[in-house]
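>>> Have a look; sequence and predicted model below, questions after that.
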Amino acid sequence: MSREENLYRNLKSQIDKIAKHNRQGSFKTKERYHEAVDRFCKFLAKEYGLQKFANISDKHLERYVSDMQSRGLAASTIKNDLSAIRFYHDKLDHPRNQLSDNSRFNLEKRSFGGVNRAWSHDEYQAFRDLCHARGQARIAQIATLARNEGLRIHETLKLDRSAAEKAIKTGVLHVVGKGGRERDVPLSRESREMLQERIQDVERGQKLFVREGEKTHLVIKQVQNFINRNREHFQDQSREQARDQGEAIIERITFHGLRHAYAQKRYQEAIERGLTDRKARLEVSALLGHERDDVTRIYTVN
């Protein structure tokens, strides 16, 4: 058994003990909370080698939130998991640290449909221009795959030179997504040209966008921070005007909005080919790497 597995088992025994004595909440709530904290323990074992659940702090939550965001989880899902973690933390007799509320973690406000998070073509082009002007070509390249192939940010960072070379040769990009799900997506001309350029600076066997010695979660954070710090330089002013007027139709864009833009474009193309609304959503669903029609509806709101 590996060290990581031993650490996880140790953390799990600690939260199991808390769960055993918990009398609050319905059966479903208790089950959901326990599953959420169990996932957090796996993360703690893998990323931190933590031995005591009582030692968790804001830094652990902040990095976990970043990890969940990078996997495309909804703000509501992230908030539910944080509630579960805090609930278990509150049951500890002598926790080492206090945990902050959600305001610390820069989470989106909860929303239910009717919100267009997709980047416009002009916003995407302005962002790429800004990246190159600021010496951040790598961020522009990562955004290219999200916009043209619908990749989540962590999916782009898994790609290595071999995958890029195969995609250039075949015109199809093989993607390993959430839960190990695999899918193939057509490679756009823009992305093909970008990959041809990128592999010139990448050794065989190396990742395309994560340099040797770098931590993937820190690259994700770098991309997210660049967007957060520079929105005013590429985001359409109408988004802020809508927010100022109290409208909920348009939100500030995040990296994940590039994936929304991809989904909307593919959906519209499918409709123009004569597919029904449902068949078009199912086709987009396969390209996005999930089979939930209700999720696809959210992506294709425009």
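Here it is on my side, so go on.

>>> use CA for all of it now, contacts and neighbours both
Fine.

>>> Could you pull up the residues touching His154?
Applying Cα atoms under 8 Å, 6 or more residues apart in numbering to His154 gives the contacts Ser70, Arg71, Ile220.

>>> What lies in contact with the helix or strand hosting Arg266?
Element membership for Arg266 (DSSP states H and E) is helix 257-272. Outside of helix 257-272, the residues within contact range by Cα under 8 Å, 6+ apart are 117-120, 143, 146-152, 277, 280-281, 283-284, 288, 299-302.

>>> Just the CA atoms of it, as CSV, please.
Below are the C-alpha coordinates for helix 257-272, written out as CSV (Å, rounded to 0.1, in the frame of the first residue of the first chain):
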residue,chain,number,x,y,z
GLY,A,257,-16.8,30.9,-20.2
LEU,A,258,-14.5,29.9,-23.1
ARG,A,259,-16.0,26.4,-22.9
HIS,A,260,-19.5,27.9,-22.9
ALA,A,261,-18.6,29.8,-26.1
TYR,A,262,-17.4,26.6,-27.7
ALA,A,263,-20.6,24.8,-26.8
GLN,A,264,-22.8,27.5,-28.2
LYS,A,265,-20.9,27.6,-31.5
ARG,A,266,-21.1,23.8,-31.9
TYR,A,267,-24.8,23.8,-31.0
GLN,A,268,-25.6,26.5,-33.6
GLU,A,269,-23.7,24.6,-36.2
ALA,A,270,-25.6,21.4,-35.4
ILE,A,271,-28.9,23.3,-35.7
GLU,A,272,-27.8,24.8,-39.1
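
>>> in it, what counts as buried?
Gly257, Leu258, Arg259, His260, Ala261, Tyr262, Ala263, Gln264, Arg266, Tyr267, Gln268, Ala270 (16 or more other Cα atoms under 10 Å).

>>> Could you tell me how far the fourth one is located from Arg266?
Between His260 and Arg266 the distance is 10 Å, computed by Cα to Cα, to the nearest Å.

>>> cool, the first one as well?
Distance of Gly257 to Arg266, given as Cα to Cα: 14 Å.

>>> Could you do the third one as well?
Between Arg259 and Arg266 the distance is 11 Å, computed by Cα to Cα.

>>> same question, the second one
Computed as Cα to Cα, the Leu258 to Arg266 distance reads 13 Å.

>>> domain parsing for the protein?
What automatic domain parsing lists as the domains of the chain is 3-102, 121-254.

>>> I'd like the ones you listed laid out as TSV, including mean pLDDT.
Output for the domains of the chain, formatted as TSV (pLDDT from 0 to 100):
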stretch	mean pLDDT
domain 3-102	90
domain 121-254	90
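
>>> Who are the contact partners of the closest residue to Val219 other than its chain neighbours?
Nearest non-adjacent residue to Val219, counting by Cα to Cα, 6 or more residues apart in numbering: Val210, 7.1 Å away. Neighbouring residues of Val210 by Cα under 8 Å, 6+ apart: Leu157, Thr216, Val219.

>>> show me the contacts for Ile253.
Listed by Cα under 8 Å, 6+ apart, the contact set of Ile253 reads Arg117, Ala118, Trp119, Gln235.

>>> and of those residues, the nearest to Gln206?
Trp119 (30.3 Å; Cα to Cα).

>>> So the closest one: helix, strand or coil?
Three-state assignment for Trp119 (DSSP: H, G, I helix; E, B strand; the rest coil): coil.

>>> residues in contact with it?
Trp119 touches Ile253, Gly257, Leu258, His260, Ala261, counting by Cα under 8 Å, 6+ apart.

>>> Next up, the contacts around the nearest residue to Glu182 once chain neighbours are set aside.
Nearest non-adjacent residue to Glu182, counting by Cα to Cα, 6+ apart: Val176, 4.5 Å away. By Cα under 8 Å, 6+ apart, Val176 lies in contact with Glu155, Lys158, Glu182, Arg183.

>>> Let's see that with 7 Å instead.
Contacts for Val176 (Cα atoms under 7 Å, 6 or more residues apart in numbering) come out as Glu155, Glu182, Arg183.

>>> List phi and psi for the closest residue to Gln224 other than its chain neighbours.
Excluding the flanking residues, the one nearest Gln224 by Cα to Cα, 6+ apart is Phe255, at 6.9 Å. Taking degrees, to the nearest 10, you get phi -60, psi -40 for the backbone angles of Phe255.
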